[in-house]
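Novice: Can you look at this prediction? I've put the sequence above it.
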Amino acid sequence: MPDHFYVYPSYLKKDLSRTAGRRIPAAQALAELTSEQIVAAARRLGFEAVVEADKQYPREFHTYAGRVKVTKKAGTTKAKFLTAVAAELRRSAPAPGKK
């Protein structure tokens, strides 16, 4: 088993359907996000993460949004990680109308 997993920004995008690649419920998904934001949120949660900027999500092969390589922690599944990172991104996002 590998000691890491990959996260594409598309996994957390609100405007994508599940069949198009979103991996979390739409209510938890985010409208805009980058690989760098995912790395920052993962690090705040205590994970080691790095951006691989030259990669693309196979379902969106025309867009190079990058991907994030996350080192696994014992007892954490990819699904739990995605839910936790989405919650962290929502928590740290500026309030609407503020920057």
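Specialist: Looks like it came in fine.
Novice: Let me see the contact set for the nearest residue to Val85 once chain neighbours are set aside.
Specialist: Among residues not flanking Val85 along the chain, Ala41 sits closest, at 4.9 Å (Cβ to Cβ, 6 or more residues apart in numbering). (Each C-beta comes from the backbone N, C-alpha and C, glycine too.) Ala41 is in contact with 85, 88-89, 92, counting by Cβ atoms under 8 Å, 6 or more residues apart in numbering.
Novice: just the buried members of the residues you listed?
Specialist: Neighbour counting with 16 or more other Cβ atoms under 10 Å marks 85, 88-89 as buried within the contacts of Ala41.
Novice: Does the residue nearest to Val85 lie in a helix or a strand, and which?
Specialist: Element membership for Ala41 (DSSP states H and E) is helix 35-44.
Novice: what's the helix or strand following that helix packed up against?
Specialist: Sequence order places strand 49-52 as the next helix or strand after helix 35-44, per DSSP H and E. If you count contacts as 3 or more Cβ pairs under 8 Å, 6 or more residues apart in numbering; DSSP states H and E, strand 49-52 packs onto helix 35-44, strand 67-71.
Novice: which helix of this protein spans the most residues?
Specialist: helix 78-92 (DSSP state H).
Novice: which intervals of this structure have sub-threshold pLDDT?
Specialist: Applying pLDDT under 70 to the chain flags the ranges 1, 94-99.
Novice: returning to that earlier point: could you check how far the residue nearest to Val85 is from Pro2?
Specialist: 21 Å (Cβ to Cβ, to the nearest Å).
Novice: just Ala86 next, same as before
Specialist: Ala86 sits 23 Å away from Pro2, taking Cβ to Cβ as the criterion.
Novice: give the contact list for the nearest residue to Ala26 once chain neighbours are set aside.
Specialist: Distances taken as Cβ to Cβ, 6+ apart put Lys14 closest to Ala26, at 6.2 Å, once the chain neighbours are dropped. Counting by Cβ under 8 Å, 6+ apart, Lys14 makes contact with 22, 26, 29-31.
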